Structure formats: C-alpha cells, structure tokens
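Trainee: build the 3D model from these lines:
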Amino acid sequence: MPKSVPKPAPSPAGRTPKGVAKREAILDAALEVFGEVGLHGASLREIAGRVGVSHQSLMHYFPTKNELLMAVLRRRDERLRRHFDDEGGMSLTELISLAEDNVGMPGVIELYNMASAEATNDEHPAHAYYAEFYESIIASNARYLQRAADRGLLREGWTPESAARAILGMMDGLQLQWLYDRDDVRVAESLKLLVSALISAPLSELDDPVK
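Mentor: Residues are numbered from 1 along each chain as shown. Model (predicted):
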C-alpha cells in the first residue's frame, strides 16, 4: 500500500495571506473602537461586527481584549521601535517626521493618549509596555543628543537625558492639544523650535556621523 502523505501542519492564525489581511482589518477596526470608547468601553463583539467576522473568528486571532490592545499599540509604535537600537540613537529628525505624519492619523493619536494615560495604573495590561517604551525612547534620544553634548552644541544647563525628556514631553503634550484644536496647533513646527532652542546647530550636522 502506498504510504500516506502527512497533512501539513495548520498555519498559525494570521500567517497566510488571507489571514494577514483579516488580522490587519481587525487591528484597523480595533483602533477605531479603542479610540472612540477606550479599552474598558470596547467589546470584541463590536470590533468583530465592524470587520464583518464572527466573535469566534476574531478570538481565533486575538483570544482576549488585552491581547488585541497590545497588538494595536505595538503596530502603532513599530516605526519608532525599529530605530531604538540605531547606532548613536534615534534621530530627532525621525521623531519630527513622525509628528508630521501623525496629522493624518488622529485615531492613532487618540488611542495613544487614552491608553498611555490609563496605563499609569500598574494593574493596566499596557503598564509594563508603556514603562519600557518611554524608557527605551528616552535612552535612544539621549544617545543621539550625546553627540550634541560631545561637540559642544547642547545648550548650557541641559543634559542629553533632560533634553530628550523635554522633547518627548512636548510632543505628547502638543499632540493632546492638537486633538482639541487641529487648526492652530502645529506639533512638528513647535518641536523644531524647541530643538533649535536646545541644540546650536542644524540636526543635519548631528545626523551626519562624520562631522
């Protein structure tokens, strides 16, 4: 008798092209719902309904609401995270570029502000994530700003870490203000003014490692 051919192992949820597309659709819908009603007000059934899939189908990809929230947050922060380990730290040019692009993604900013504020409670599912995120981005920007300090370009009284915290704090605060007044608040332009007040040279000089 011919040997039976073993069936291939089933692909993990979201690994096939169709699965990837459905997973992304779920994340898009979750971003909308989380941005509208927050983590506690959101339901998996509501998110599934917006995608047009069953509750059970959604849970195949994300068994719990907390897992779905973390997936949404990680996707949101992926662009920044891939620069955290850059040699010499993440460029402030990239941070400002992100602020410019965020103008087209108000739902992302709404979720970020809502989740990061709620996550200050150490029992929140995203508490450890945000604690690590802030520590990592500050450390990466501080390494970048160390270049300015080493070249005598960082204004007197500032350290790389204090400047990094001021820049990120201003970005977060301005993005919150922008949600209230999208016509008058200019996040990227204000960040550029702060950076020019902290560093006595164009960022292009710091972005060029040979200078």
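Trainee: mind giving me the domain ranges of this protein?
Mentor: Structural domains annotated on the chain: 13-63, 74-207, as defined by automatic domain parsing.
Trainee: will you turn those into CSV that also has mean neighbour count and mean pLDDT?
Mentor: All C-beta spots, glycine's among them, are computed from the backbone N, C-alpha and C. Putting those into CSV (neighbours: other CB atoms under 10 Å; pLDDT from 0 to 100) gives the following:
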stretch, mean neighbour count, mean pLDDT
domain 13-63, 16, 86
domain 74-207, 16, 91
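Trainee: what sits against the closest residue to Leu145 other than its chain neighbours?
Mentor: Counting by CB to CB, 6 or more residues apart in numbering, the nearest residue to Leu145 once its immediate chain neighbours are dropped is Pro160, at 3.9 Å. Going by CB atoms under 8 Å, 6 or more residues apart in numbering, Pro160 touches 141-146, 148-149, 154.
Trainee: nearest to Leu80 among the residues you listed?
Mentor: Of all those, Leu80 sits closest to Asn141, with 10.1 Å by CB to CB.
Trainee: what distance do you get for the closest one to Phe62?
Mentor: Distance from Asn141 to Phe62, counting by CB to CB, to the nearest Å: 32 Å.
Trainee: kindly report the same for Met114.
Mentor: For Met114, the distance to Phe62 - CB to CB - is 19 Å.
Trainee: equivalent analysis for Leu80, please.
Mentor: Separation of Leu80 from Phe62 (CB to CB): 23 Å.
Trainee: same question, Ala201
Mentor: Distance of Ala201 to Phe62, given as CB to CB: 46 Å.
Trainee: need the contact partners of the helix or strand containing Ala99.
Mentor: Following DSSP states H and E, one finds Ala99 within helix 92-101. Under the criterion CB under 8 Å, 6+ apart, residues 79-80, 83, 141, 144-145, 167-168, 171, 174-175, 187-188, 191-192, 195, 203-204, 206-207 lie in contact with helix 92-101.
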